[in-house]
Every structure is written in structure tokens, then in C-alpha cells.
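1. Model the structure of this input:
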Amino acid sequence: MEAVRVPPSAWITSQSTVNRSPPEERHVYRQANHEAPDAPVRDYRRIGRSGLKVSELCLGTMTFGVSVDEPEVRCIVDLATDSGINFFDTADIYAGGQSEVLLGRALRGRRREAVVAT
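-> Numbers count the residues shown, from 1 in each chain. You can find the predicted model right below:
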């Protein structure tokens, strides 16, 4: 498999061509190319008067536990947080609740830095 740098538009969406590779190739590929994009998120919004600050980009996790396995979830969440994304969307109906479980594991140790909408 030829190594190609994945632009942010590819790794943020679930339609990335990397996701169409066999799981073992995806894991090796992501390990070799684990780096944050050149342009980190710099725009944040405050939520009401709470003082809570969230990135304008929100990472959706609907495919976590369906077409994205746990090693990939960790890599995606790492890339997102390294890029400044602190806002994650999940739901108990995504993959029968597995999406929430995998996101929680990926955020272990840095949960206070993340805003999770579920």
C-alpha cells in the first residue's frame, strides 16, 4: 500500500478511502501517518453564559463500532484533539451504544478537555 498523507477532509469524514481498506491495513496505515493536519482548529464558540468553549468543528462518531474499530477510533480521536477539536457528537443508538463506549475509551485521561454531546 502506498503511503499518502490524508488531508483533514478525509479523516474527519466516514467516507475516507482509508476506511475501505482491510482493518489490518488501516491500522498500519494510520500508525505510519499519525500526525495532525497543518492547520489546527483555531475557532471556538462559547456556549451561552456557561463559559464552556467548544470547537466550531464537531467530530461525529456514528461509524465508531460499525465500520471503525477501536484502534482506528483512538487514532481519529487523537488526530481530532491534536488539531484542536474538543467537541464530539455521539448517541446511544450509534452501533447499539458501542460508539459511546469507544469514544469514552479514546478520551480516557482527557475527558475534562472534551465536550461530548449525546
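2. how about low-confidence regions in this protein?
-> Counting by pLDDT under 70, the chain has low-confidence residues at 1-39.
3. how about the helices in it?
-> Ranges of helices in the chain, per DSSP state H, are 8-12, 23-32, 70-82, 98-106.
4. and the third one, what other elements does it pack with?
-> Same thing as helix 70-82. Applying 3 or more CB pairs under 8 Å, 6 or more residues apart in numbering; DSSP states H and E, one finds that helix 70-82 contacts helix 8-12, helix 23-32, strand 58-60, helix 98-106. No exception for glycine: its C-beta is placed from N, CA and C like everyone else's.
5. Any buried residues in it, and which?
-> Buried residues in helix 70-82, counting neighbours by 16 or more other CB atoms under 10 Å, are found at 71, 72, 73, 74, 75, 76, 77, 79, 80, 81.
6. I'd assumed residue 107 was in contact with the fourth one.
-> Going back to what we said before, that points to residue 74. No - Residue 74 is beyond contact range of residue 107, at 9.6 Å (criterion: CB atoms under 8 Å).
7. where does residue 42 fall, phi/psi-wise?
-> Backbone torsions of residue 42, given as degrees, to the nearest 10, read phi -120, psi -10.
8. Nice, that's everything, thank you.
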